[in-house]
Structure formats: C-alpha cells, structure tokens
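Peer 1: my questions are about this predicted structure, shown below with the sequence.
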Amino acid sequence: MIHIIESGLDIDTVGEESIDKLRYSGSLKTLLLSGYKLLPPVMRPSKILALALNYQEHIDETNLKFFNESIVFAKYPSNMIADGDEIVLPPFEQKVDEECELAVVIGREARNILPSQADDYIFGYTICNDVSARNRQRERLNMGQPYSYAKNFATLCPMGPWVVTKKEVGDPSNLAMSVRVNGKVTRQGNSSEMIFSTHEVIAYCSDYAGLEAGDIISLGTFAGEKQIRPGDNLELEIEKIGILRNHVIQTEAKWRNMNADGPTGPLVKEFSYRPVILACPIKCCKRKGTGQ
C-alpha cells in the first residue's frame, strides 16, 4: 500500500478501467475474493498521529480544559491490528474505552503546508479505534503525559477495514459515524462536529512532524458511552468508508513488572539500590576546609 501511495498512481482510474475490462470479458466473477483475511490498511506507516479533544461535546463530558490548538499524540504502528483481530485488554483492573475516529491517510511528503493546500496531500481515509486505558490516562495526567502511555498498550490501535480514496469519500466534513456494541447502537456522531477540520489538522501536523506517504492521522472522537468489556463485539461505522469489526478479550498473561492487583501501580524494581557517597582519594583534589 505504501508503494502504491508513493507511486502517485491514479488508483481510482486504474481500478475503474480494470473492473470495466473484467466485466466486459465476463471474468470478473472468477476473481471475486472469498474467505480472505484483511491486514491493517497501511502496514507499518512511519507514524500514526492522533488528536485529543477535537469534538466539543467530548470536551464537555471529560471536564478537561480546551486549548485553542490541536492536541496531538502518537500511536505506535506496532500496536496496530486489522479488521477482525482481537483487542486484548491489559491484565489489570482498568476502564477501557473505544474511540471511533475518522482517520486520514497521507499521500505524499508534506511540510509547512497551508490548510488550503492540504487536499493535495491526501490519499484516502480509513477508520481508527483509538482504544484508551482510562485509569492509566488519569494517573498519567498528573504526571504530564496523559495520552501516549494510556493509548499504546498492545492491540489498542485497530484500523481498517481498508483505505477508501479521497475521490470515493468526497467531502470528509459531513460523514455520519456510529458505534455498535453487541449489535446495539451505543453512540452516534458526525465529522461536521470536529473543532479542527481534516485540512487544518494536516497543515498543523506538517509544521512540526513532517508527514510522509502512508502516514495516518486519526482525527478525534465524539461524545457518548465508550466503555468496552471482555466478550464485546465492536462495530465502528463511518459513512462512505465501511465497518471496522473487532472482538474484545481479556489477556491471561501476567505482567511481571507491573502491579496487577490494582488499576494503577509503579514499575517493580528488581534490585534495591542505596546511594553511595565516595570521597576523592587524591590529596591534591581536596579543597581546603571542605573535605571534598
């Protein structure tokens, strides 16, 4: 996928022409896939960036302060899973939330661009589930690092089911979004509610990060009940893109270096260290009257 994006190939035209030829020859039906397993839409992009607090009602429900500037953090590509994969909850008591988000896939290198130029740098769109460990997030908020830690446990970045080109999606500023848990609609929103538009976010990120082909920016989530639990079947749907489906399980693995008995806890040190004060043995280094 990254090679296709980097090539600059007009994938829409190529795709339409190919399908037309196959239909005309009567061989299209012989090439339709079945029983396939999707991979993440972009394998190992150089970076995945995500926005916090980009919907006003989400800000209101969290009681967090809003700054008149995008809040951007990183999600690690190694934690990305595909449509149909399992979300594995961490092995300690924790409130975990799904976060259904529209995500934009960058089409070429972008540095210091304006919002009015951003559309030329978009390849397409996908769905990102910015799964978040909330207890850890609140704990780390007091430490000044609320986002990256709580949003980067293994498997907490479902993405997909595929990339839809910007031509197919059209205007990204009015897309209906919804979440279903075990078949029941739990919340609904619309990309029109975003504080910072897709183009504004791309321009902002291009100023400080430098964007490359295949990079993904997840654009924030909307308000509503988000908690997920082991056994849940999630369906995150965004208009014109599709449905991202994942099953939630609880890991059975034990964390040897974490306090697994509570929602939070420090790293467990393997050794106990005592500070040792050393005096310089060289006489000429001693300063008069100090003993140093």
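Peer 2: It's in.

Peer 1: from memory residue 73 sits against residue 47, does it?
Peer 2: No - the pair residue 73 and residue 47 fails to qualify as a contact (CB atoms under 8 Å) at a distance of 11.1 Å. Where you see a C-beta, it was placed from the backbone N, CA and C, and this is true even at glycine.

Peer 1: what's the overlap in contacts for the two?
Peer 2: Shared contacts of residue 73 and residue 47 (CB atoms under 8 Å, 6 or more residues apart in numbering): none.

Peer 1: sec struct for residue 116, please.
Peer 2: helix (DSSP: H, G, I helix; E, B strand; the rest coil).

Peer 1: so where's the stretch 151-292 of the chain shaky on pLDDT?
Peer 2: By pLDDT under 70, the low-scoring segments of the stretch 151-292 of the chain are 254-292.

Peer 1: from the chain's centroid, how far away is the helix or strand containing residue 88?
Peer 2: Assessed by DSSP states H and E, residue 88 sits inside strand 86-89. Using CA atoms, centre = their mean, to the nearest Å, the distance from the centre of strand 86-89 to the centre of the chain it belongs to is 15 Å.

Peer 1: any idea which helix or strand comes after that strand?
Peer 2: Sequence order places strand 96-97 as the next helix or strand after strand 86-89, per DSSP H and E.

Peer 1: contacting residues around that following strand?
Peer 2: Contact with strand 96-97 is made by 89-90, 131-134, 226-229, as judged by CB under 8 Å, 6+ apart.

Peer 1: redo that, cut-off 10 Å
Peer 2: Under the contact criterion CB atoms under 10 Å, 6 or more residues apart in numbering, strand 96-97 has outside partners 87, 89-90, 129-137, 150, 153, 156, 221, 225-230, 232, 248, 250.

Peer 1: make a ChimeraX selection of the buried ones in those.
Peer 2: What follows is the ChimeraX syntax for the buried subset of the contacts of strand 96-97, where burial is set by 16 or more other CB atoms under 10 Å:
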select :87,89,90,129,130,131,132,133,134,135,136,137,150,153,156,221,226,228,232,248
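
Peer 1: so which of the contacts of strand 96-97 are in strands?
Peer 2: Of the positions in the contacts of strand 96-97, 87, 89, 129, 132-133, 227-228, 248, 250 sit in strands, assigned by DSSP state E.

Peer 1: okay, those residues in a markdown table with distance to residue 115 next?
Peer 2: Formatted as a markdown table, these follow (distance: CB to CB, whole Å):
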| residue | distance to residue 115 |
| --- | --- |
| 87 | 34 |
| 89 | 38 |
| 129 | 26 |
| 132 | 28 |
| 133 | 33 |
| 227 | 35 |
| 228 | 34 |
| 248 | 37 |
| 250 | 42 |
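
Peer 1: no more questions from me, cheers.
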